[in-house]
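Trainee: What shape does this take:
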Amino acid sequence: MSDDSNDDKDLEKIREKKMNEMMDKEGDSAVIDAPIKVTDSTFENTIKEHSLIVIDCWAEWCGPCRMLGPIIDTLAKDLTGKIVFGKLNVDENQRTAMQYKIMSIPALLVFKEGNLVDTIVGAMPKEALEPKLTKYL
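Mentor: Below is the predicted model:
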């Protein structure tokens, strides 16, 4: 066998290893820098896929929800690789809203390792919200 053939096999092994690493990270918070859409049908898998995820329960007609939206977008960018953010429209996904007893919106459901660890209700500035979330890192 020639050296070129061995080099090609080595290179292919390296490519395969890197591809597997990338596939393993695909669901990881390292690559998610914007809120992801969550629905009743994707909710359970979504909270299991991410070690720390904050689900923003909102509705289109809700003024405070619209105020909180840009703050969530900014935090998703600022905390990329640490916290994943999701958005659940409670009007379109009533089963999940009922399951978690969402009575007021906006409501943030904080899940760590698939377990609900906190519920934060109401809109607030980024400076007040960020420490409430980063304490779970």
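Trainee: domains for the protein, by residue range?
Mentor: Listed domain ranges for the chain are 1-27, 32-134 (source: automatic domain parsing).
Trainee: mind showing which ranges of the chain have poor pLDDT?
Mentor: 1-5, 15-30 (pLDDT under 70).
Trainee: And the strands in it?
Mentor: For the chain, the strands defined by DSSP state E cover 36-38, 52-58, 84-89, 107-112, 115-121.
Trainee: which residue ends up closest to the midpoint of the chain in space?
Mentor: With distances taken as C-alpha atoms, centre = their mean, the residue of the chain nearest its centroid is residue 84 (2.6 Å).
Trainee: how about CSV for the strands of the chain, with distance to residue 65 added?
Mentor: To be clear about C-beta, it is placed using only N, CA and C from the backbone, and glycine gets the same treatment. Output for those, formatted as CSV (distance: least, C-beta to C-beta, whole Å):
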stretch, distance to residue 65
strand 36-38, 15
strand 52-58, 4
strand 84-89, 9
strand 107-112, 9
strand 115-121, 11
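Trainee: So which of those is nearest residue 14?
Mentor: Among those, the nearest to residue 14 by C-beta to C-beta is strand 84-89 (29.2 Å).
Trainee: Direction included, what does that closest one pair against?
Mentor: Strand 84-89 has its sheet partners listed here by DSSP bridges as strand 36-38 (parallel), strand 52-58 (parallel).
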